[in-house]
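J.: Next comes the sequence, and after it the predicted model I'd like to discuss.
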Amino acid sequence: MSANPPDLRPDLANARVPTAARDGQPTIGMVSLGCPKALVDSERILTRLRAEGYAISPDYGGADAVIVNTCGFLDSAKAESLDAIGEALTENGRVIVTGCLGAEPEYITGAHPKVLAVTGPQQYEQVLDAVHVAVPPSPDPFVDLLPAQGVKLTPRHYSYLKISEGCNHACKFCIIPDMRGKLSSRPERAILREAEKLVENGVKELLVISQDTSAYGTDVRDREHKFPIIPLSRALGELGAWVRLHYVYPYPHVRDLVPLMAEGLILPYLDVPFQHAHPDTLKRMARPAAAAKTLDEIQAWRAVCPDITLRSTFIVGYPGETETEFETLLEWLDEAQLDRIGCFQYENVKGARSNALPNHVAPEVKEERWHRFMEKAQAISEAKLGAKVGKRIEVIVDQVDDDAATCRTKADAPEIDGQLFIDAGFEGLAPGDIVTVEVDEAGEYDLWGRLIS
């Protein structure tokens, strides 16, 4: 073991829980990979462990055992997860694996037979059982205090709020329903109780996540509300924090969410997974083939809330994608003028039905199309941001150092969108402050501004 063992990922310096252990206290480390939904799972596991008297270690050397929460969505994510498990074994030696890749235990143990245990996603009790076997608990109720909001792996001023698990879609490229099951919504009262506690403890921004946010509650018979995401969003908006919605499928009832944005109850921001625009490609994906209708929906959203920010991700090089289909996607982008755009090159995923589709696109063609897509997306982003120069907008401060205050606008989600930098007169600002700036300069993805208030 090295004299200065490496830090775990993510950096537990941001965790809202003390990491120093008392004498004799068992200590656990956590490596959390994948999407924000997996991060929430990691927070739940750590909260349970802290409640049982375990300390949380920020590095491998200080941990009695390490939990690796894996991602198994793409082959590249699986490789990253195996690398993380291998690193934890090398640096610590006592490793418990959980998460999406845990749904394939033989895949993990085949590469790393020395792991102590493997559990699947959301199997919190099995993870705790494995920890108890590896490192028995030793609680001291007079010393071991748990923060009221639980353990959080995000900075103190924002938090992810998971409202459901699973998904009822059957997209051919996706295995999420196989790993995490069908849609299962949390009770509204439980979500609001968690959100209230977070806001009471200083959280300024709630990032609402699930696999299909706009379908929230449709798996539960609600005689009063046909689409429970609407009253839930309104209730969250009344707590006084920024509320940002992620993974919103463009169902017709999304039109009922947009007025809440126009009222200022929730942020004027929709993260919509369009994936493609050509109807034939969407049909092969087993997604609703209604790209033209989607443009009508976008127009309707903007009519109600002109300041709405639309972000989406797309897949290029999907099996069977022709040059004509790809050109249609580029033309659709020109018309849709989305504000935030991401793109992935298609990858086969073990267990996905898309693997069996004919006419897979050559890697060099996927690469070339990805570059053309990103060139288009970059030009749209640059023009959109350039139009903000001279405007006054609200931003939330994420970080302050000697050079600048790093902030985000209402149009920017943490870690996936752009940033706004204040590089003069930012003394006295702190993470979580919400201030007004005037935009001075715009780049391809980021903004620069000066403090007004």
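T.: Yes, it's here. These figures come from a predicted structure and were not determined experimentally. Numbers count the residues shown, from 1 in each chain.
J.: what element comes up after the helix-or-strand element of the chain with minimal mean pLDDT heading to the C-terminus?
T.: Ranked by mean pLDDT, DSSP states H and E, the helix or strand of the chain with the weakest confidence is helix 176-180, at a mean of 80. Per DSSP states H and E, the first helix or strand lying C-terminal to helix 176-180 is strand 184-185.
J.: what residues does that following strand touch?
T.: 163-166, 216-220, 228 (Cβ atoms under 8 Å, 6 or more residues apart in numbering). In short, each C-beta sits where N, CA and C put it, glycine included.
J.: Closest to E196 out of those?
T.: Taking Cβ to Cβ as the measure, E196 lies nearest I163 of the contacts of strand 184-185, at 14.4 Å.
J.: Next, count neighbours for that closest one.
T.: I163 has 24 neighbouring residues, counting by other Cβ atoms under 10 Å.
J.: Would you map out the domains in this protein?
T.: For the chain, automatic domain parsing gives the domain ranges 12-134, 158-386, 392-451.
J.: about what we covered before: I'd like the contacts of strand 184-185 as a markdown table, with secondary structure and pLDDT appended.
T.: Listed next are the contacts of strand 184-185 as a markdown table, based on DSSP: H, G, I helix; E, B strand; the rest coil; pLDDT from 0 to 100:
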| residue | secondary structure | pLDDT |
| --- | --- | --- |
| I163 | coil | 95 |
| S164 | strand | 94 |
| E165 | strand | 89 |
| G166 | coil | 90 |
| Y216 | coil | 96 |
| G217 | coil | 94 |
| T218 | coil | 93 |
| D219 | coil | 91 |
| V220 | coil | 87 |
| P228 | coil | 95 |
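J.: Show me how to select, in ChimeraX, the buried members of the residues you listed.
T.: Here is the ChimeraX command that picks out the buried ones among the contacts of strand 184-185, judged by 16 or more other Cβ atoms under 10 Å:
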select :163,164,165,166,216,217,218,228
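J.: Just give me the closest of the contacts of strand 184-185 to I67.
T.: Ranked by distance to I67 (Cβ to Cβ), these are led by E165 at 19.3 Å.
J.: coming back round to it: name the residues of the least confident helix or strand of the chain that are buried.
T.: For helix 176-180, a neighbour-count test (16+ other Cβ under 10 Å) marks 176-177, 179-180 as buried.
J.: Show me the helices in the stretch 301-450 of the chain, by range?
T.: Under the criterion DSSP state H, counting those that start in this stretch, helices of the stretch 301-450 of the chain are mapped to 323-336, 363-386.
J.: coming back round to it: name the stretch among the domains of the chain that sits most buried.
T.: Burial of the domains of the chain is given as mean neighbour count (mean count of other Cβ atoms under 10 Å); domain 12-134 ranks first at a mean of 20.
J.: quick one: average pLDDT of that domain?
T.: Domain 12-134 shows a mean pLDDT of 86.
J.: can you check stretch 346-356 too?
T.: Stretch 346-356 comes out at a mean pLDDT of 91.
J.: Can you classify K197 by secondary structure?
T.: Secondary structure for K197, judged by DSSP: H, G, I helix; E, B strand; the rest coil, is helix.
J.: how close does it get to P319?
T.: According to Cβ to Cβ, to the nearest Å, K197 and P319 sit 46 Å apart.
J.: repeat for V395
T.: To P319, V395 is 42 Å away according to Cβ to Cβ.
J.: quick one: the strands in the stretch 151-300 of the chain?
T.: For the stretch 151-300 of the chain, strands defined by DSSP state E, counting those that start in this stretch occupy the ranges 158-162, 164-165, 184-185, 205-209, 242-245, 269-271.
J.: Can you check which of those gets nearest to P58?
T.: strand 158-162 (19.4 Å).
J.: List the contacts of P252.
T.: E297.
J.: for V131, same thing?
T.: V131 touches 28, 49, 54, 65, 67, 96, counting by Cβ under 8 Å, 6+ apart.
J.: how about those, which pair is most distant?
T.: Top of the distance list for the contacts of V131 (Cβ to Cβ): Y54 and I96, 12.5 Å.
J.: low-scoring pLDDT stretches of the stretch 201-350 of the chain, where are they?
T.: 223, 288-292 (pLDDT under 70).
J.: can you tell which of the strands of the stretch 151-300 of the chain is closest to N355?
T.: Closest to N355 of the strands of the stretch 151-300 of the chain is strand 164-165 (Cβ to Cβ; 24.9 Å).
J.: any idea how far I108 is from V95?
T.: The gap separating I108 from V95 is 10 Å, by Cβ to Cβ.
J.: shared neighbours of those two, which are they?
T.: Listed as contacting both I108 and V95 by Cβ under 8 Å, 6+ apart are 85, 115.
J.: picking up where we left off before, could you export the buried residues of helix 176-180 to CSV, including columns for distance to R372?
T.: CSV is the format used below for the buried residues of helix 176-180 (distance: Cβ to Cβ, whole Å):
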residue, distance to R372
I176, 28
P177, 32
M179, 32
R180, 34
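J.: So which of the residues you listed is the closest to E382?
T.: Nearest to E382 among these, with distances taken as Cβ to Cβ, is I176, at 33.1 Å.
J.: now the closest one, nearest residue through space, not along the chain?
T.: C167 (5.2 Å; Cβ to Cβ, 6 or more residues apart in numbering).
J.: My guess is that neighbour contacts K182. True?
T.: Yes. Using Cβ atoms under 8 Å, C167 is in contact with K182, at 7.3 Å.
J.: Kindly provide the distance from the closest residue to L265 other than its chain neighbours to G53.
T.: Among residues not flanking L265 along the chain, G237 sits closest, at 3.1 Å (Cβ to Cβ, 6+ apart). Per Cβ to Cβ, G237 is found 37 Å from G53.
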